[in-house]
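Novice: return atomic coordinates for the entry below.
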Amino acid sequence: MKRFKNVGKKVLCGIVLLTSLMVIPSFASQRVGNQLASSATSINYSDSFRGRTPKLIAMNGSQSSVFKMRSPYFLGKSKVKKVEAHVSLERGSSPLYLIVENDSGYRERVLVKKNGYYTLTGTLAGTEARGEWKVYIEGAGFSTSQATSTITVYYDVLN
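Specialist: Model (predicted):
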């Protein structure tokens, strides 16, 4: 009988320990003042994806064909940190607008007058990274605009 009392005490201690471990996380997510004590939207990991456009051509201020690229598949919500574009203008090309649009319809454009890196951190920053992205150019003048670009989307995947 004494033997069963010791086993009973051990089982009871185990139940109390497990119960306390289950209760602690619920206390950790309680609000402290106006801030959430636990990080409910913490960053799981950061990554990027990229796409290289073929030569895009816009005539007399018109829009070029649309280049489409897809994000990789990942679990969880994502948040765009920034979008970088490395743009190479063709020799003799007039200035152009490079337009990048995400799957939700948010778009941003940047005026390109010379070869180089351009960072887009306005409208696209903070939006969902998942889905199909569109890249195209619009001529900024009344002559031919031609360019190729490599678009890199930097994002965080959230818990």
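
Novice: could you use CA atoms for every contact and neighbour count after this?
Specialist: Noted.

Novice: show me where the chain has strands.
Specialist: Remark: strands assigned in the chain by DSSP state E are 31-32, 35-36, 43-52, 56-58, 67-70, 77-89, 96-101, 107-112, 116-120, 132-139, 145-158.

Novice: among the ones you listed, which is nearest Gly126?
Specialist: Minimum separation from Gly126 across those (C-alpha to C-alpha) falls at strand 77-89, 5.0 Å.

Novice: quick revisit: columns distance to Gly126 on top of the strands of the chain, output as TSV?
Specialist: Putting these into TSV (distance: least, C-alpha to C-alpha, whole Å) gives the following:
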stretch	distance to Gly126
strand 31-32	24
strand 35-36	20
strand 43-52	13
strand 56-58	27
strand 67-70	18
strand 77-89	5
strand 96-101	13
strand 107-112	12
strand 116-120	12
strand 132-139	15
strand 145-158	9
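
Novice: give me the contacts around stretch 59-79.
Specialist: Around stretch 59-79, the neighbours that count as contacts under C-alpha atoms under 8 Å, 6 or more residues apart in numbering are 49-51, 53-54, 56-58, 125-145, 155-159.
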